[in-house]
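Peer 1: mind looking at a prediction? Sequence and model below.
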Amino acid sequence: MKDVLKMDLAKREKQLDQEFQKKIVERKKKFLESLKTENEVFDQRTLLNMYNLLVGKHVDEISGVVNSGKEAVVFSAHKDDEYFALKVYRVSTCDFKTMWKYIQGDPRFHLRRSSTRQIVTAWVEKEYRNLLRAGDYITTPEAILKRENILLMELVHEDGIPSPRLKDVEVDFKEFYEMIREDMKILYQEANLVHGDLSEYNILVNDDEPVYIDFSQGVVSQHPLSKTLLIRDVKNVCGFFKRKGIKTDYKEFYKFVSGEELDLIDEEMAKSY
């Protein structure tokens, strides 16, 4: 009688396990199909990596799109009462030549130019490391983890609503100008890092302070393009605040940030970027 009960119990456990596995497969299929419907540019490997973030309990749910561009889509996600930004690079539409140019001169990376996916993976690794480095000195989202062409980080938000970009809000522009100037100086002279693509589009406003995002193009100060990119960042920032009525001079700004006079050759090179 005991043997029969054991056999029945084992059979029931096997049945429950099969049902559980079936539910996982169905959930996985539903998730992949829903994202394919939303965004057909994601390949199967990317979708599986996104799904694995759910299975691994890094996030409980991936929800709406925060921002969508040619090369990447940023989703909002959450786990319990924490909010995250999930940045997914589209392998099929990334500008690999540009990516390679920024990676190639970075002493932190020794990547031989090979597959497009390897270049994108290195690009995500670079953004992840830049965020960690910059975050020790200025306000940035906290980088959580990376998976090939996917980067999970803290969502800058107010009650779950993503914080606005500087370009979209009215602030005390004089005060923000001074804060950004100081942050750029700290980033360059103490963190030895240049954002590389700084503008009003990738500075968020949260608690009346600037928060810096999109560090994928960021380079260390030893990079051969560091001064060229710093000049571009300075001119972008000065141009925005000048349009807001703030008196600014990009040559003085550059000297404040770098501690050096602006070199005319570097300035000429910056025009091509």
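Peer 2: Cool, got the structure.
Peer 1: next, residue 52: phi, psi?
Peer 2: phi -70, psi -20 (degrees, to the nearest 10).
Peer 1: so where's this protein shaky on pLDDT?
Peer 2: For the chain, applying pLDDT under 70 flags the ranges 1-41, 111-114, 268-273.
Peer 1: what about the residue nearest to residue 191 when sequence neighbours are not counted, neighbour count?
Peer 2: The shortest distance from residue 191 to any non-neighbouring residue, by Cβ to Cβ, 6 or more residues apart in numbering, is to residue 137 (4.4 Å). Every C-beta, even on glycine, is put in place using the N, C-alpha and C of the backbone. Residue 137 has 16 neighbouring residues, counting by other Cβ atoms under 10 Å.
Peer 1: give me the neighbour count for residue 227.
Peer 2: 22.
Peer 1: which SS class is the residue sitting nearest the centre point of the chain?
Peer 2: With distances taken as Cα atoms, centre = their mean, residue 214 lies nearest the centre of the chain, 4.9 Å away. Secondary structure state of residue 214, per DSSP: H, G, I helix; E, B strand; the rest coil, is coil.
Peer 1: can you list the domains in this protein?
Peer 2: 31-158, 163-270 (automatic domain parsing).
Peer 1: hmm, back to that, who's in contact with the residue nearest to the centre of the chain?
Peer 2: 127, 197, 202 (Cβ atoms under 8 Å, 6 or more residues apart in numbering).
Peer 1: for residue 241, give me phi and psi.
Peer 2: Here is the backbone geometry of residue 241 (degrees, to the nearest 10): phi -70, psi -30.
Peer 1: isn't it up against residue 253?
Peer 2: No - in this structure residue 241 lies outside contact range of residue 253 using Cβ atoms under 8 Å: 9.5 Å.
Peer 1: where's residue 188, which helix or strand?
Peer 2: helix 173-189 (DSSP states H and E).
Peer 1: which SSE is immediately downstream of that helix?
Peer 2: That would be, after helix 173-189 and using DSSP H and E, strand 193-194.
Peer 1: who are the packing partners of that next one?
Peer 2: Judged by 3 or more Cβ pairs under 8 Å, 6 or more residues apart in numbering; DSSP states H and E, the packing partners of strand 193-194 are helix 116-135, helix 173-189, strand 219-220, helix 226-243.
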